[in-house]
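In: sequence plus the predicted model coming up.
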Amino acid sequence: QGQGQGQNTTMQRQMSLQGGGGMTVPGQGQDTTRNTTTTTMQELIQSCSSEGDATMTSLSGSFSQPTTTTSTPIHSSVQSHFRLMRDESVDGTLSPVSNKGTSEDETDNATARRKRLQVDKAYFIFKELVMTERTYKKDLEIINLWFRDEVSKENQLCEPMPMLFSLIDPIYEIHAAFLKEMETRIASWESRNEPTPNCRRVGDLVLKHLNHSTLEHYYRYIDTHIIILEKVQQALEKNNRFEQIYTDFEMQKVCYIPLTTLLLKPLHRILHYQLILERLLNHYGSENADHPDTNMALSKVRSIIKRLSLNLKESENLVKLMELQRDVIGYDTLVQKEREFVREGCLQKLSRKGYQQRIFFLFSDVLLYANRTTTPGLQFRVHGQLSVPDIQVVDSEPRMGADFCFNVYDGKRALMVAAGSQNDKVQWMEDITETVQFARERGLESPGNKYLSLKSISGSDDGLDRSEISEQRTLEARPAGQRSNSSVHVCWHRNTSVALMDHQRALENQLSGYLLRKFKNSNGWQKLWVVFTNFCLYFYKSFQDDFPLASLPLLGYSVDTPASEDNIDKDFVFKLQFKNHVYFFRAESQFTFDRWLEVLSTATRSPLNISNNRIQ
């Protein structure tokens with residue numbers, strides 16, 4: 001335990017702020033020095049190789065935890081056969097650099113199997129399906145098991161909860177069984193013996209589980225989920241006890257992304273099935289024995305998507321508004337039926353004291369700007385609003401040391417703002433102009449209460465009293481729980497912005513699997529289970545763990561292959577970099593390398609063409 005405390009203190013001292021570009025560890029304290037060198041997670045990852053209590057102590061800060069992180073809650077009302085399936089699943093050796101293997105003959109056989117599998121593209125496509133299905137099952141568990149346990153402790157469930165669990169429970173049961181069969185199939189594919197033709201088929205397995213019952217459950221969820229989201233928002237506004245339970249649960253490490261985002265996972269999983277099956281069909285050709293089943297499975301997936309496409313964007317927009325409402329104070333009516341999110345991000349606003357950092361939120365009807373508070377949750381307090389139909393945006397020459405300036409007028413006042421780059425400036429100006437034009441075409445009228453009754457409207461300090469300003473300059477605490485990874489917080493720290501399309505791509509492009517991460521100060525590599533979702537990489541010791549060891553938000557990062565001066569002599573390695581923060585990750589094959597680069601490019605600045613282990 002003493003060793004664990006020492007590791008915990010070391011990580012707290014060395015781990016830099018979220019916005020500094022480095023990885024963050026759930027539950028850890030903040031480093032008050034913004035410019036310190038970020039730990040490369042070496043201490044964290046080395047400690048993960050131990051199974052002792054000290055590992056759990058250093059990660060969780062609690063001495064009462066068991067020695068494993070797979071401690072799914074058991075709720076009395078959810079006792080069914082699928083709960084046992086997680087413990088019976090194939091172990092995590094379906095990955096690069098398995099820890100298993102002993103004798104020389106076994107090593108030679110394993111090498112031969114790897115060479116055979118390296119050229120089998122269908123194997124890697126199927127493996128992506130298995131790996132991402134593991135993450136999907138865990139995401140469903142957060143709602144169906146963990147969150148259910150929390151709310152069921154109350155004497156009476158809040159209105160939308162019984163409806164939610166009745167929809168999620170059968171979907172979870174279906175996919176637990178589906179995953180079990182897929183893991184058995186891929187284990188046979190990887191076996192020492194030459195696999196039979198049936199072991200190399202995928203479409204038949206997918207088709208089997210996309211039966212009439214599965215389709216009906218998904219149709220029901222598609223038709224009902226937005227009602228659940230609306231009722232959840234109403235409960236958060238009116239039911240203080242539910243709001244407290246909800247907030248407390250989101251602060252738990254197991255809830256690594258917002259609950260509202262988790263509620264969209266069944267919709268996005270169907271989109272992922274379509275991409276995988278299309279990729280498999282393109283690889284097969286019409287003569288392959290698995291082609292008919294795969295084609296039929298794809299047809300069923302497309303029938304679900306056809307129904308889904310009617311309200312997916314509406315659901316994604318509602319979730320974004322709900323999540324922003326929890327990050328923003330001073331504007332209590334952010335969630336509106338007709339309001340659409342357009343862009344969020346940091347701009348420097350010119351005041352009497354010079355340029356000051358502000359976070360701007362552009363919606364279809366209003367432009368808000370806010371400053372970060374010093375409350376424990378580090379929310380953003382709105383200090384001004386401009387009605388979109390009245391806005392004009394005008395280019396400006398560099399002013400007072402800022403290069404990328406433009407003006408925003410609304411007829412009565414003007415804001416001089418500066419972006420962090422020319423590209424960011426152009427995107428803001430284009431989005432504002434298009435949003436204004438669209439609002440005017442719809443005949444959207446300006447609200448009567450055009451401005452908030454805030455000191456910021458005329459004051460140079462944007463409504464902050466001097467004590468708050470002084471506090472903000474010295475206090476650099478990180479928000480607790482997963483909210484520190486939300487895009488608004490990362491945009492604030494990294495002086496960047498995110499548009500609607502970026503959010504949609506981030507929601508719909510997800511990937512899971514094992515990667516090797518290079519230690520900073522040695523040539524060693526550590527195997528980690530990695531999940532990419534919501535602009536962020538989450539790192540686990542294995543796929544069976546319930547919560548991540550650390551996370552790395554990718555907004556502002558670039559992704560590329562190592563340069564010659566990096567002295568990386570391994571294949572399938574990609575490099576993530578933000579300023580002086582550099583991480584190297586190694587995939588197991590050309591296919592997985594290309595897939596990681598393709599998916600990560602949706603959240604990072606990267607070249608578009610990827611081929612032959614090199615981004616062109």
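Out: Great, that's in hand. Only a predicted model underlies this, so the values are computations on that prediction, with no experimental measurement involved. Residues are numbered from 1 along each chain as shown.

In: how about the closest residue to Arg185 other than its chain neighbours, what does it touch?
Out: Nearest residue to Arg185, sequence neighbours excluded (CB to CB, 6 or more residues apart in numbering): Leu205, at 6.0 Å. All C-beta atoms are positioned from the backbone trio N, CA, C, and that covers glycine. Each residue near Leu205 by CB atoms under 8 Å, 6 or more residues apart in numbering is listed here: 178, 181-182, 185.

In: do the same with Leu129
Out: 182, 202, 206, 273, 276.

In: quick one: it from Asp223, how far?
Out: The gap separating Leu129 from Asp223 is 26 Å, by CB to CB, to the nearest Å.

In: what's the answer for Asn144, then?
Out: 19 Å.

In: over to Lys337?
Out: Taken as CB to CB, the span from Lys337 to Asp223 is 18 Å.

In: the more surrounded of these two?
Out: Asp223 (14 against 7; other CB atoms under 10 Å).

In: quick check: closest non-adjacent residue to that one.
Out: Closest to Asp223 by CB to CB, 6+ apart is Arg307, at 7.9 Å.

In: who are the packing partners of the helix or strand harbouring that neighbour?
Out: Take DSSP states H and E as the rule and Arg307 turns out to sit in helix 291-308. Contacts defined by 3 or more CB pairs under 8 Å, 6 or more residues apart in numbering; DSSP states H and E place helix 291-308 against helix 203-209, helix 212-238, helix 265-284.

In: got the buried residues for that helix?
Out: 293-298, 300-302, 304-305, 308 (16 or more other CB atoms under 10 Å).

In: please apply the same query to stretch 420-429.
Out: Using 16+ other CB under 10 Å as the test for burial, stretch 420-429 gives 420, 424-425, 427-429.

In: okay, who's weakest in those by pLDDT?
Out: Looking at those by pLDDT, the weakest one is Gly420, with 90.

In: quick check, that one in contact with Thr496.
Out: Yes: look at Gly420 against Thr496 with CB atoms under 8 Å: they come within range, at 6.5 Å.

In: how near is Glu430 to Thr602?
Out: As judged by CB to CB, Glu430 and Thr602 stand 20 Å apart.

In: comparing these two, which residue is more hemmed in?
Out: Set Glu430 next to Thr602 and count neighbours by other CB under 10 Å: Thr602 wins out with 19 against 13.

In: strands of the stretch 501-616 of the chain, start to end?
Out: Counting by DSSP state E, counting those that start in this stretch, the stretch 501-616 of the chain has strands at residues 511-518, 525-533, 536-540, 550-553, 558-560, 573-578, 581-586, 610-611, 614-615.

In: and the helices in the stretch 301-450 of the chain?
Out: Applying DSSP state H, counting those that start in this stretch to the stretch 301-450 of the chain gives helices spanning 312-327, 422-441.

In: can you list those in CSV and add distance to Phe547?
Out: Converted to CSV, the helices of the stretch 301-450 of the chain look like this (distance: least, CB to CB, whole Å):
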stretch, distance to Phe547
helix 312-327, 20
helix 422-441, 34
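
In: can you say which of those helices is nearest to Ser364?
Out: Between Ser364 and the helices of the stretch 301-450 of the chain, the tightest spacing by CB to CB is seen for helix 422-441, at 6.2 Å.

In: where in this protein is the helix or strand with the lowest mean pLDDT?
Out: helix 53-60 (a mean of 26; mean pLDDT, DSSP states H and E).

In: low-confidence ranges, this structure, go.
Out: Scanning the chain for pLDDT under 70 picks out 1-20, 23-119, 192-198, 376-377, 446-484, 605-616.

In: quick one on the thing from earlier: how far does the helix holding Arg307 sit from the chain's center?
Out: Centroid separation for helix 291-308 versus its chain: 26 Å, with CA atoms, centre = their mean, to the nearest Å.

In: ditto for stretch 342-356
Out: With CA atoms, centre = their mean, you get 27 Å for stretch 342-356.

In: before we move on, what about stretch 135-153?
Out: Relative to its chain's centre, stretch 135-153 lies at 18 Å (CA atoms, centre = their mean).

In: need the contact partners of that stretch.
Out: Applying CB under 8 Å, 6+ apart, the external contacts of stretch 135-153 come out as 72-73, 75, 77-78, 86, 157-158, 161, 164-165, 168-169, 171-172, 175-176, 179, 242, 245, 248-249, 252, 254-255, 259, 262-263, 265-266, 269, 510, 512, 531, 533, 543, 546.

In: re the thing from before, neighbour count and distance to Phe404 added to the contacts of Leu129, as CSV?
Out: As requested, the contacts of Leu129 are arranged in CSV below (neighbours: other CB atoms under 10 Å; distance: CB to CB, whole Å):
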residue, neighbour count, distance to Phe404
Met182, 24, 49
Val202, 25, 49
Val206, 25, 49
Tyr273, 22, 42
Ile276, 21, 41
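
In: and these, which is closest to Asp390?
Out: Proximity of the contacts of Leu129 to Asp390 (CB to CB) peaks at Tyr273, which lies at 45.2 Å.

In: quick one, what contacts that closest one?
Out: 129, 206, 301.

In: let's see that with 10 Å instead.
Out: 129, 132-133, 206, 210, 297-298, 300-302, 304-305 (CB atoms under 10 Å, 6 or more residues apart in numbering).

In: hey, what's Cys346 bridged with?
Out: Legend: beta-bridge partners of Cys346 under DSSP bridges are Ile359.

In: picking up where we left off before, for the residue nearest to Asp223, give its distance to Arg220.
Out: Separation of Arg307 from Arg220 (CB to CB) stands at 11 Å.

In: before we move on, what about Glu230?
Out: 17 Å.

In: check Leu552 too.
Out: 36 Å.

In: just want to know which of those two has more residues nearby.
Out: Neighbour comparison, Leu552 and Arg220: the larger count goes to Leu552, with 25 against 14 (by other CB under 10 Å).

In: re earlier: now the common contact residues for Gly420 and Thr496.
Out: 345-346, 556.

In: among these, who's most crowded?
Out: Going by other CB under 10 Å, Gly345 tops the shared contacts of Gly420 and Thr496 with 25 neighbours.

In: could you report the neighbour count for the closest residue to that residue other than its chain neighbours?
Out: Distance criterion CB to CB, 6+ apart; nearest residue to Gly345, sequence neighbours excluded, is Ser497 at 2.2 Å. Look at Ser497: counted by other CB under 10 Å, it has 26 neighbours.

In: thinking Ser497 is in contact with Val417, fair?
Out: No: here Ser497 does not reach Val417: they are 11.5 Å apart, not a contact under CB atoms under 10 Å.

In: need the overlap of contacts for the two.
Out: What both Ser497 and Val417 touch, as defined by CB under 10 Å, 6+ apart, is the set 346-347, 360, 425, 428.
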